[in-house]
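> Sequence and computational prediction follow.
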Amino acid sequence: MASDLPVQSATALQALVRSKQVSSRELLTAYLDRVDRLNGDLNAVVTLDADRAMQVAAHCDEQAAHDRWLGPLHGLPCTIKDALDTAGLTTTGGAVELADRVPTEDAAAVARVRAAGAVIFGKTNLPRWSGDYQTAGGVYGTTNNPWDLARTPGGSSGGAAAAVATGLTAFEVGTDIGGSIRVPSNFCGIAGHKPTFGVVPQRGYVAHLGGGTTVADINVVGPLARTVADLDLLLAVLAGPEEPEHGWSLRLPDPAPAPWRVSVLTDDADFPVSQEVRAAVHAAAAALAGDGARVDDGAPPVSLGEAAAQFMPLITAAMALSGTPGGVDATSGEDDTAGGTAIAWLRHDTARVALQRRWRDWYADHDVLLAPAWPTPAVPHDDRSVLERTVDVDGAAVPTIVAGCWLGYAGVVGLPVTVVRVGTSRDGLPIGVQVIAGSHRDRTALAVAARLEQLLGGYTVPPYAA
């Protein structure tokens, strides 16, 4: 068995399993051994279900022996972010109050992965209620970045991204409400996709006490993997209505044909970006231009400031049941206005709809917008609250919540975004780009990101795991 097997792409592993060159049990054993060897200093995988997973892997192998395939993910071992209910396996949402909680049903997305033949063998770390740009605190402590253990892998799907980057899992299923797939994918040098809002069902997403039964505004469930082709494979499994027999179905449009119409956004005086990130994003645009794309410098239809004016109050409302930054848990009844009033939410939602219309019109003449996935490469651990933290952007201390508006820019209006690595910082850290497409044009974002991956290198094994 090849020593690099655990860091191969999910699509490559799928081919090996289908051709019977590798068994599911061999794959699972390779990942469990790697978790045992590498997870200690990372603290990415926090719960294991090895015995039950080995039984599932054995069943996959028995079926494969008779050329019976359970689905497109047949026999691929994977982990799941601890924000998503996984039947029979501790699921905490990162909250100490739920440290012993074991759900009896899978989240909808987890059920789809399982039904597609994947072998779920563990859960990955996250901050409390998926509510931070780094992965620390909560139930399981701090997760480190495999490119530099002194830095964060990002949040809130930080354990997921660190596990994928290090080859502790074939792929991951995470969540993203304010950048929780995109920031960790960027910081860890992997590929991640934030689907169009509503494309993947959210049932089973645990973000507050008693959570898992409702749809959280802005939030999505999506895949993290080592290649964009893996993301495409996983999105096909995850996407679609939870109850298709109830009258509607989903067909995501095919990718826009090349040559693509591309725009770039890196400059905003109120939302500064480091010189090396700006250079990496523009280098990505130049690579596409050299490949035949039409790249323009025209301003997108919505400014970062306009988006932030709706993103900040709407995400505050969406996360109110998780507890405000001041620590008030809205489920306690201590402060029923923690997330704002209903009329205030309606006003911001009305403004959001107006922004969505402007984006719709703009995308009639564009295929994607390239933007930073964070103003800097991965940042050092910082134990201050997210409201106290700052990011060093070329010597300027930028509030972390301001930096996060680069993620809220597309998230607040529900647009699909693929993050892929396009460069390397002077400190040897990965730099990614957000490829933002029009509503339900997920496959266009994936196609452009896949071409950037081919042109600029994409994923490489981090030094910690080399």
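Sure thing, it's come through. As the structure is a prediction and not an experimental result, all values here were calculated from the model.
> okay, now Gly158: neighbour count?
If you count neighbours by other Cβ atoms under 10 Å, Gly158 ends up with 34. Bear in mind the C-beta positions are built from the backbone N, C-alpha and C, glycine included.
> where does the closest residue in space to it that isn't next to it in sequence fall, phi/psi-wise?
Counting by Cβ to Cβ, 6 or more residues apart in numbering, Gly158 lies nearest to Thr135, which is 2.8 Å off, once chain neighbours are set aside. Per-residue torsions, Thr135: phi -110, psi 100 (degrees, to the nearest 10).
> Return the per-residue confidence for Thr135.
Reading off the confidence values, Thr135 has pLDDT 98.
> Any figure for the gap between it and Thr266?
Separation of Thr135 from Thr266 (Cβ to Cβ, to the nearest Å): 27 Å.
> just Arg389 next, same as before
Going from Arg389 to Thr266 by Cβ to Cβ gives 22 Å.
> Check Arg25 too.
From Arg25 to Thr266 the distance is 47 Å (Cβ to Cβ).
> Give me the neighbour count for the residue nearest to Pro463 when sequence neighbours are not counted.
Leaving aside its chain neighbours, Pro463 sits nearest to Trp147 (6.8 Å; criterion: Cβ to Cβ, 6+ apart). A count of neighbours around Trp147, defined by other Cβ under 10 Å, yields 25.
> surely Trp147 meets Cys188?
Yes. Counting by Cβ atoms under 8 Å, Trp147 touches Cys188, with 7.0 Å between them.
> joint contacts of those two?
Ala165, Ala378, Pro430, Pro462 (Cβ atoms under 8 Å, 6 or more residues apart in numbering).
> so of those, which ones are in strands?
Pro430 (DSSP state E).
> Just put the shared contacts of Trp147 and Cys188 in JSON lines and tack on distance to Gly339, neighbour count and pLDDT.
Formatted as JSON lines, those follow (distance: Cβ to Cβ, whole Å; neighbours: other Cβ atoms under 10 Å; pLDDT from 0 to 100):
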{"residue": "Ala165", "distance to Gly339": "34", "neighbour count": "30", "pLDDT": "98"}
{"residue": "Ala378", "distance to Gly339": "31", "neighbour count": "25", "pLDDT": "98"}
{"residue": "Pro430", "distance to Gly339": "35", "neighbour count": "28", "pLDDT": "98"}
{"residue": "Pro462", "distance to Gly339": "38", "neighbour count": "22", "pLDDT": "98"}
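> from the shared contacts of Trp147 and Cys188, which is closest to Asp361?
Using Cβ to Cβ, Pro430 is the member of these that sits closest to Asp361, with 34.3 Å.
> residues contacting the closest one?
Trp147, Asn186, Phe187, Cys188, Gly189, Pro377, Ala378, Arg421, Gly423, Thr424.
> Spatially, which two of the residues you listed are the most separated?
Cys188 and Gly423 (14.3 Å).
> Those two: which has the busier surroundings?
Set side by side, Cys188 and Gly423 show more neighbours around Cys188, with 33 against 19, by other Cβ under 10 Å.
> I'd like to know how far that one sits from Asp33.
Cys188 is 21 Å from Asp33, by Cβ to Cβ.
> all strands in the stretch 201-350 of the chain, in order from the N-terminus.
Taking DSSP state E, counting those that start in this stretch as the criterion, the stretch 201-350 of the chain contains strands spanning 220-225, 261-264, 294-296.
> So which of those strands is nearest Val302?
For these, the distance to Val302 is smallest for strand 261-264, at 12.1 Å, taking Cβ to Cβ.
> in its sheet, what does that closest one sit against?
strand 294-296 (parallel), strand 368-372 (parallel) (DSSP bridges).
> so what's Val277 closest to, chain neighbours aside?
Pro372 (5.1 Å).
> For that neighbour, list each beta-bridge partner.
Beta-bridge pairing for Pro372 (DSSP bridges): Val433.
> And the residue positioned nearest the centre of the chain, how far from Thr460?
Geometric centre of the chain, nearest residue: Ile181, 1.9 Å, by Cα atoms, centre = their mean. Distance from Ile181 to Thr460, counting by Cβ to Cβ: 20 Å.
> Same check on Glu306?
Taking Cβ to Cβ, one finds Glu306 at 37 Å from Thr460.
> quick one: Tyr31 is in a helix?
Yes. Judged by DSSP: H, G, I helix; E, B strand; the rest coil, Tyr31 forms part of a helix.
> Number the chain from 832, please
Okay, residue one is now 832; in that scheme the one you just asked about reads as Tyr862.
> okay, now it: neighbour count?
Neighbours around Tyr862, by other Cβ under 10 Å: 27.
> ok, now the one 5 residues further on?
Asp867 is surrounded by 13 other residues when neighbours are defined as other Cβ under 10 Å.
> Then Gly906?
Other residues near Gly906 come to 30 when the count uses other Cβ under 10 Å.
> Quick check: phi and psi on it?
Dihedral angles (degrees, to the nearest 10) for Gly906: phi 80, psi 0.
> Verify the stated contact: it with Cys891.
Yes. If you go by Cβ under 8 Å, Gly906 and Cys891 touch, sitting 4.0 Å apart.
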